[in-house]
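Asker: here is a sequence with its predicted model. Questions after.
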Amino acid sequence: MKNSVKITTFSRILDLFYPCYCKGCGKFGYVFCHRCYFYNSRYNPPFSTKNDEDFNQILVSGLKEGVLEELVKDYKYHSRRHYAPVFGGILNETIKRVGELGEKTVIVPLPTALKHIRLRGFDHIDAIAREFSRLSGFPVLKVLERAFDTVQVGSSNEERKKQARRAYRVSREDFERFLDNFSEVDLRKTHFLLVDDVWTTGASMRAAGKVLKGELIRRGIKLKDIKISAIVILKNNGYEFN
Ligand SMILES: [Zn+2]
């Protein structure tokens with residue numbers, strides 16, 4: 001853990017000096033300038049589905065292509081932590097445009113593999129969730145944990161599903177702490193919004209949703225009152241969600 005803290009501090013220092021140019025047009029001083037943002041959201045607009053068995057709504061900021069895809073790749077694989085506010089803004093625009101969540105929403109970030117946090121020097125989903133929370137005003141309920149630390153990339157579809165089903169668990173201690181801090185939260189009226197960066201097969205999201213649902217049932221919330229939705233920045237091509 002000590003090592004990962006060191007990397008984090010070092011990348012923070014780098015961020016301060018890292019010159020940023022718009023990923024779309026190269027304009028200095030922007031990660032994603034207004035012009036490119038509006039151009040992208042016109043040609044690769046956010047969309048959602050409501051006909052899903054696991055979620056009330058699945059919200060997607062755009063298809064996995066073009067500048068949006070480049071931004072996510074850079075953020076994840078080149079540790080550009082200063083992109084996090086851009087993604088927070090993109091998710092916030094997505095819920096404004098296609099979301100049907102209501103005011104009593106809480107953001108639930110999908111937990112990142114520890115191996116990836118160490119490699120990147122920061123938790124890329126947690127950083128997005130915090131920026132998204134700052135802009136939307138929705139609190140972050142960070143209760144999902146990885147039950148074990150496997151990484152999905154490279155596994156077959158069936159294997160991914162199998163792994164995902166056992167991958168998550170709820171930290172009850174963190175759940176209690178959240179409820180202590182946000183005493184106004186009524187779980188029966190809350191819309192839970194799971195956040196991840198990319199929807200590939202949906203196996204992670206679905207598994208995380210099921211674990212959260214199980215915990216809410218355990219806490220006495222009736223199935224008909226449970227509202228869980230999912231939001232991602234990117235989805236692979238096509239509008240099917242399986
Ligand atoms: Zn631009």
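Answerer: Perfect, I can see it now. Numbers count the residues shown, from 1 in each chain.
Asker: return the residues of this structure in contact with the ion.
Answerer: Cys22, Gly24, Cys25, Lys27, Cys33, Cys36 (C-beta under 5 Å from the ion). In this view, the C-beta of every residue, glycine as well, is placed from N, C-alpha and C.
Asker: the closest residue to Arg134 other than its chain neighbours sits in which helix or strand?
Answerer: Closest residue to Arg134 apart from its sequence neighbours, by C-beta to C-beta, 6 or more residues apart in numbering: Gly88 at 6.6 Å. Assessed by DSSP states H and E, Gly88 sits inside helix 84-98.
Asker: mind giving me the packing neighbours of that helix?
Answerer: Helices and strands touching helix 84-98, by 3 or more C-beta pairs under 8 Å, 6 or more residues apart in numbering; DSSP states H and E, are strand 58-63, helix 66-77, helix 124-136, strand 191-199, strand 227-235.
Asker: which of the ones you listed sits closest to Val170?
Answerer: When the helices and strands packed on helix 84-98 are compared by C-beta to C-beta, strand 191-199 sits nearest Val170, at 11.5 Å.
Asker: mind listing what's buried along the helix or strand just after that closest one?
Answerer: Sequence order places helix 203-218 as the next helix or strand after strand 191-199, per DSSP H and E. By neighbour count on 16 or more other C-beta atoms under 10 Å, the buried set for helix 203-218 is Ala203, Ser204, Met205, Arg206, Ala207, Ala208, Gly209, Val211, Leu212, Lys213, Glu215, Leu216.
Asker: can I get the helices and strands packed on helix 84-98 in a markdown table including mean pLDDT?
Answerer: As requested, the helices and strands packed on helix 84-98 are arranged in a markdown table below (pLDDT from 0 to 100):
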| stretch | mean pLDDT |
| --- | --- |
| strand 58-63 | 97 |
| helix 66-77 | 95 |
| helix 124-136 | 97 |
| strand 191-199 | 97 |
| strand 227-235 | 97 |
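Asker: can you put the ones you listed in CSV and add mean neighbour count and distance to Lys104?
Answerer: Below are these laid out as CSV (neighbours: other C-beta atoms under 10 Å; distance: least, C-beta to C-beta, whole Å):
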stretch, mean neighbour count, distance to Lys104
strand 58-63, 23, 17
helix 66-77, 18, 29
helix 124-136, 21, 12
strand 191-199, 22, 6
strand 227-235, 24, 9
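Asker: let's have those in TSV, adding distance to Tyr83.
Answerer: Below are the helices and strands packed on helix 84-98 laid out as TSV (distance: least, C-beta to C-beta, whole Å):
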stretch	distance to Tyr83
strand 58-63	13
helix 66-77	4
helix 124-136	9
strand 191-199	11
strand 227-235	10
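Asker: narrow the residues of the chain next to the ion to those in helices?
Answerer: Cys36 (DSSP state H).
Asker: inside strands: which ones of the residues of the chain next to the ion?
Answerer: Per DSSP state E, strands hold no members of the residues of the chain next to the ion.
Asker: where does the prediction get shaky in the protein?
Answerer: 1-18, 149-155, 160-162, 238-242 (pLDDT under 70).
Asker: try 80 this time
Answerer: 1-19, 148-165, 237-242 (pLDDT under 80).
Asker: just to revisit the earlier point, selecting buried members of the residues of the chain next to the ion in ChimeraX, what would you type?
Answerer: Applied in ChimeraX, the following selects the buried portion of those according to 16+ other C-beta under 10 Å:
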select :22,24,27,33,36
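Asker: what's the distance between the residue nearest to Arg134 and the ion?
Answerer: Note on Gly88: its distance to the ion, by C-beta to the ion, to the nearest Å, is 18 Å.
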